[in-house]
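1. below is the structure, and that's it, no one-letter string:
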């Protein structure tokens with residue numbers, strides 16, 4: 001292998017002259033396995049097919065014993081000749097292993113902290129869900145992904161598909177960083193009427209992805225399209241399609257949410273810009289016109305319409321990454337809130353997005369959310385919370401957003417305990433829970449009756465999973481009050497998945513998520529606690545892994 005003096009680009013920044021290794025490979029195997037050590041500094045690597053750079057990233061490539069292996073799925077370049085350029089040693093570049101399996105695959109999903117029924121990536125970091133849509137027979141989940149490390153960097157769009165939103169199969173990364181920037185969050189749409197002109201005769205309607213290209217010179221909006229069912233994407237030659245830095249004098253212009261607004265007959269983009277969400281419109285997905293702006297939101301906008309259950313009323317819901325939302329009206333150009341921002345979740349959830357389309361006849365609005373959880377000493381990091389159906393209900397406080405797991409999640413659950421009738425003391429309920437002390441894949445549904453205005457809840461091995469302080473109306477530290485202010489009841493539905501916990505209160509009026517402490521020495525199992533606490537109903541389900 002030869003060594004060259006080449007121009008390399010450090011994370012899309014300034015070009016620097018350095019001694020770099022280069023290797024030419026005919027792709028005959030499915031995976032390029034890369035040994036990684038967190039003790040090694042990141043250095044740039046790029047991959048070329050002919051004269052075209054197809055991806056670029058930084059990597060902690062080690063030429064000694066790796067802490068873990070990451071990989072690049074090479075199937076789209078099978079039988080092609082590629083060139084690897086690495087701003088490091090030739091010895092390190094030669095440590096890459098080409099194979100038809102992933103290094104360490106036999107231990108995958110057996111790691112100590114690996115969730116068993118929440119989605120995690122096989123390798124690497126994940127954060128925001130992106131571009132979620134039902135298309136060509138699959139639910140598609142794209143997500144912010146660093147395939148080369150367990151920490152944030154190298155933002156790609158990872159890609160997984162499912163038939164039921166529960167069992168996921170990872171496909172190769174959909175979008176790779178390029179000279180315009182790394183691939184930040186966004187959305188996707190099906191262009192049924194070919195308004196952008198990307199489909200030719202006989203092709204299925206194109207899937208069009210919108211994303212933010214992040215670059216030191218500013219964040220700009222771009223798009224790519226697929227005409228093969230989402231397997232591969234072609235980036236639009238006219239990128240970027242929106243560069244709004246001058247309007248806002250800010251680099252914070254990102255995370256486009258795009259959808260078709262039927263009443264006004266045009267596409268709408270909601271884009272977070274500096275201090276809130278902006279609204280743009282387009283007839284062809286390429287040319288966008290700024291329309292309005294609403295302050296007070298940050299990152300990852302979503303906007304969707306829902307009926308209010310039991311009424312003829314329909315309302316629009318707008319939210320930002322933190323989970324705060326507003327209910328109001330949208331005419332295709334401007335969102336007008338009916339009242340203040342609201343909140344119905346706490347914990348690790350961030351950057352939730354809803355599926356841009358559902359199967360024909362399925363009118364549900366379903367979100368998925370990134371769980372900001374750090375998994376200790378693993379080759380993966382980050383998790384997606386369970387898919388959740390969104391509904392609007394009339395409450396004593398007004399119209400509110402409810403969220404609870406989709407019915408497909410229930411197919412994983414096998415009920416193994418059901419107790420109702422005379423209320424049980426906490427000790428009596430705990431005696432029943434003792435049979436499940438060693439099971440960390442459970443669903444526990446219970447109705448708690450408090451008799452004192454003090455805290456009570458559910459713990460596992462001494463760690464509090466659910467804490468409700470009626471005196472301060474705090475549920476796991478956030479304000480929550482039942483719809484009936486004098487109620488002493490709390491209806492809980494708690495999912496425990498090895499290292500991840502999610503809970504849904506009062507049929508989804510409030511939800512929470514948390515990362516379990518896996519290093520606790522206690523083995524006391526599941527316990528209800530609280531001063532003269534009673535359990536009116538108790539159900540326990542074993543939950544299958546996926």
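-> Happy to help now that I have it. These figures come from a predicted structure and were not determined experimentally.
2. may I have the phi/psi pair for residue 507?
-> The phi and psi torsions at residue 507 (degrees, to the nearest 10) take the values phi 60, psi 30.
3. what is the neighbour count of it?
-> Using other Cβ atoms under 10 Å, residue 507 has 14 other residues around it. C-beta coordinates here come from the backbone N, C-alpha and C atoms, glycine included.
4. try residue 367
-> By the other Cβ under 10 Å criterion, the neighbourhood of residue 367 contains 22 residues.
5. what's the answer for residue 110, then?
-> Neighbourhood size, residue 110 [other Cβ under 10 Å]: 8.
6. quick check, it in a strand?
-> No: under DSSP: H, G, I helix; E, B strand; the rest coil, residue 110 sits outside any strand and is assigned coil.
7. any idea how far it lies from residue 382?
-> Going from residue 110 to residue 382 by Cβ to Cβ, to the nearest Å gives 19 Å.
8. buried ones in the lengthiest helix in the chain?
-> In terms of residue count, the longest helix belonging to the chain (DSSP state H) is helix 426-433. For helix 426-433, burial by neighbour count (16 or more other Cβ atoms under 10 Å) applies to 426, 429-430, 433.
9. kindly report the same for stretch 47-56.
-> Counting neighbours by 16+ other Cβ under 10 Å, the buried set in stretch 47-56 is 47-48, 53-56.
10. and stretch 112-132, by the same measure?
-> Buried positions in stretch 112-132, judged by neighbour count with 16+ other Cβ under 10 Å: 113-132.
11. got the end-to-end distance for that stretch?
-> End-to-end distance of stretch 112-132 (Cα to Cα, to the nearest Å): 29 Å.
12. got it, and stretch 159-168?
-> Start and end residues of stretch 159-168 are separated by 10 Å (Cα to Cα).
13. contacts for that stretch?
-> Contacts to stretch 159-168, defined as Cβ atoms under 8 Å, 6 or more residues apart in numbering, come from residues 117, 119, 137-143, 169-174, 230, 366, 387, 406, 408-409, 411-412, 546.
14. who are the packing partners of whichever strand or helix holds residue 280?
-> Element membership for residue 280, per DSSP states H and E: strand 276-282. Helices and strands touching strand 276-282, by 3 or more Cβ pairs under 8 Å, 6 or more residues apart in numbering; DSSP states H and E, are strand 266-273, strand 289-295.
15. residues contacting the closest residue to residue 238 other than its chain neighbours?
-> Counting by Cβ to Cβ, 6 or more residues apart in numbering, residue 286 is the residue found nearest to residue 238 once chain neighbours are left out, at 6.3 Å. By Cβ under 8 Å, 6+ apart, residue 286 lies in contact with 196, 223, 236, 238, 241.
16. among the helices and strands packed on strand 276-282, which is the most enclosed?
-> strand 266-273 (a mean of 23; mean count of other Cβ atoms under 10 Å).
17. give me the sheet partners of whichever strand or helix holds residue 126 and which way each runs.
-> Per DSSP H and E, residue 126 falls inside strand 124-135. Neighbouring strands of strand 124-135 in its sheet, by DSSP bridges, are strand 138-146 (antiparallel), strand 380-381 (parallel).
18. right, and these - which one's nearest residue 290?
-> Comparing the strands paired with strand 124-135 against residue 290 with Cβ to Cβ, the closest turns out to be strand 138-146 (25.9 Å).
19. just how off-centre is that closest one within its chain?
-> 8 Å (Cα atoms, centre = their mean, to the nearest Å).
20. now do the next helix or strand after that strand against strand 124-135, angle only.
-> The helix or strand immediately downstream of strand 138-146 is strand 156-162, counting by DSSP H and E. Relative orientation of strand 156-162 versus strand 124-135 (axes from the mean of the first three to the mean of the last three Cα atoms, to 10 degrees): 50 degrees.
21. strand 156-162 pairs with which strands?
-> With DSSP bridges as the test, strand 156-162 is paired with strand 138-146 (antiparallel), strand 168-175 (antiparallel).
22. and the ones you listed as CSV, adding mean neighbour count and distance to residue 91?
-> Below are the strands paired with strand 156-162 laid out as CSV (neighbours: other Cβ atoms under 10 Å; distance: least, Cβ to Cβ, whole Å):
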stretch, mean neighbour count, distance to residue 91
strand 138-146, 25, 24
strand 168-175, 19, 27
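23. got the residue ranges for the strands in the stretch 1-150 of the chain?
-> Ranges of strands within the stretch 1-150 of the chain are 3-9, 15-26, 31-36, 43-49, 52-59, 68-73, 81-86, 97-99, 124-135, 138-146, based on DSSP state E, counting those that start in this stretch.
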